[in-house]
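I would like to see how this sequence folds:
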Amino acid sequence: MYNRKFPHKIPALERFLALVLTVVEVVQTPDGRIAASGAIVLAAAAALTGCGTPTTAAQQGRSTSTSDQVSSARVVTHHSSKAVGRVAETTLEREMKENRIRTVTMLTANAGWAYSREHVWALSDAGALWDPIWHHPVTILAFFAPSATDAWAVTARAGARRCEIWHTSNGGRTWGSSSVAAPWQILEASLAVTGDGQGHLLLSGDPAPMTAPQMLVNIKNGRVQTRPSFRTKSGGLNEIVFPTPRDGVAVNQAVAGAQNITAPLFRTTNGGATWQPIILPAPPHVAASASDKGGTTYVVEDPVNFVTQSTGYVALVNPIAMLYRTTNAGASWSPIHTPPATTGYGISTSWLTPEKGWVLAGAKGPSVLWGTTNGGQTWTRLSGANFISVPQFSSARDGWAFVVPVHANAYGGAETFVRTTNGGRTWTPVKIH
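Below is the predicted model of the structure:
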């Protein structure tokens, strides 16, 4: 993925009124018009009466546990029209030109998603066709798509202490939402959800992200739990990955902050309730020359890549560029052979299988993309370009990335969406329509 990183009882009369209740919601369409969207809220009525079982995430009711409550959901339908499409296409052109696209996720050669600050698109035709499916005038803090039809988004208004978690299971035709409140202003969010509706939402406050207050919220069976599983007044967690329901790994963002924490990763074995620091084994020449007060500060680049429940990879960027692998869900890590890289300019990694992976090594000038087919024992130099971040691959051959073409200087110009069909050896621009 390219990443820019209810139980209540009411009297019979009230139950009857709830069953016939019609809710009219005002929705702003992508062209700025205000439209009213009406729906008979049978799922909400069932939730109020304590009966009925929701069948989709867009029809969430209430949990049977008072300590694990979820918010009532509403169904919002975003209608498409030719007029809306024209406005959205103009918006997309502006978003691309001004480098506002935050994430592109290509799941297959013909299915993917993209989002910017207020827009979401469904991608097809190898990433050339961007279908506008969402325009909500509230900042999107996080977006995650486990499949071509299933996607999640987190939105929050500036200065708000409450965020909305949106979910679609039909490719964006309808979205259900629930809300989560925090005791502080929500500035950042990180989201990961599996195809069966199990996941986690990490919310961060001010001053994000180095020593911000944080809370971790679980998503169970497609329902967002409002009671956090983890809360801290000063955290540094980022990009949490759960290879198993209980085993999780997070990047430590506080390593560059005032606390000068040397552990670059955290790990949990109880679903996120508690976290312990992970100290990566140092290469001998680094350990011998560590003279910094308190030891060498290790910094890991996002993301943590787990390709199985046990096997995962991280890239260390400071004090030296180095790749590490775990084969026990993050309990221990060992360095593996790393392709040439320049320390201080970054290194990031992406893996398709435990054997097939790519590394983007930064340097002065164009980044260099390397590939391996044997788990990192040997690496082949593939190409060099001004990549914005490590390219993503949906197969051993098909990959996508954003690059910055060379203009007045090595880093000038607008971003360009490019594609490879030979595993990263050559890249061609994608003509978006």
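
His135: neighbour count?
Neighbours of His135 under the rule other C-beta atoms under 10 Å: 20. C-beta: built from backbone N, CA, C; applies to glycine.

got it, and the one 5 residues further on?
Residues lying near Ile140 (other C-beta under 10 Å) number 21.

swap in the one 3 residues further on?
Per other C-beta under 10 Å, the neighbour tally for Phe143 reads 24.

what about it, which helix or strand?
Element membership of Phe143, judged by DSSP states H and E, is strand 140-144.

residues in contact with that strand?
With C-beta atoms under 8 Å, 6 or more residues apart in numbering as the contact definition, strand 140-144 has outside contacts at 102-103, 113, 115-118, 120, 151-156, 163, 186, 188-193, 199, 201.

and the next helix-or-strand element following it, what other elements does it pack with?
Using DSSP H and E, the helix or strand that follows strand 140-144 in sequence is strand 151-155. Helices and strands touching strand 151-155, by 3 or more C-beta pairs under 8 Å, 6 or more residues apart in numbering; DSSP states H and E, are strand 140-144, strand 162-168, strand 188-193.

strand partners (parallel or antiparallel) of the shortest one?
Which is strand 140-144. Strand pairing for strand 140-144, using DSSP bridges, gives strand 151-155 (antiparallel).

for Gly235, give me its contacts.
If you count contacts by C-beta under 8 Å, 6+ apart, Gly235 has them with 204, 211-214, 254.

what about it, distance to Asn99?
29 Å (C-beta to C-beta, to the nearest Å).

of all the contacts of Gly235, which two lie farthest apart?
Maximum pairwise distance among the contacts of Gly235 (C-beta to C-beta): 12.5 Å, between Pro213 and Ala254.

so which helix or strand takes in Arg246?
Applying DSSP H and E, one finds Arg246 in no helix or strand.

and it, what's its pLDDT?
In this model, Arg246 is scored at 90, pLDDT.

and for the one 4 residues further on?
Ala250 is assigned a pLDDT of 90 by the prediction.

for Lys364, same thing?
Reported pLDDT for Lys364: 63.

hmm, Pro340 is touching Ala361, no?
Yes: counting by C-beta atoms under 8 Å, Ala361 is a contact partner of Pro340 at 6.6 Å.

can you give me the helices in the stretch 251-400 of the chain?
Taking DSSP state H, counting those that start in this stretch as the test, the helices found in the stretch 251-400 of the chain are 284-289.

so where is it shaky, pLDDT-wise?
Scanning the stretch 251-400 of the chain for pLDDT under 70 picks out the ranges 254-262, 283-297, 342-345, 363-365.

strands of that one, residue ranges please.
265-268, 276-278, 299-306, 312-318, 322-326, 334-336, 347-351, 357-361, 367-372, 380-385, 392-393, 399-403 (DSSP state E, counting those that start in this stretch).

paired strands for the first one, with orientation please.
Sheet pairing of strand 265-268 (DSSP bridges) gives strand 248-252 (antiparallel), strand 276-278 (antiparallel).

can you list contacts of the longest one?
If you take C-beta under 8 Å, 6+ apart as the criterion, strand 248-252 is touched by 200, 202, 236-243, 261, 263-268, 271-272, 275, 277-278, 300, 302-304, 306, 312, 314, 330.
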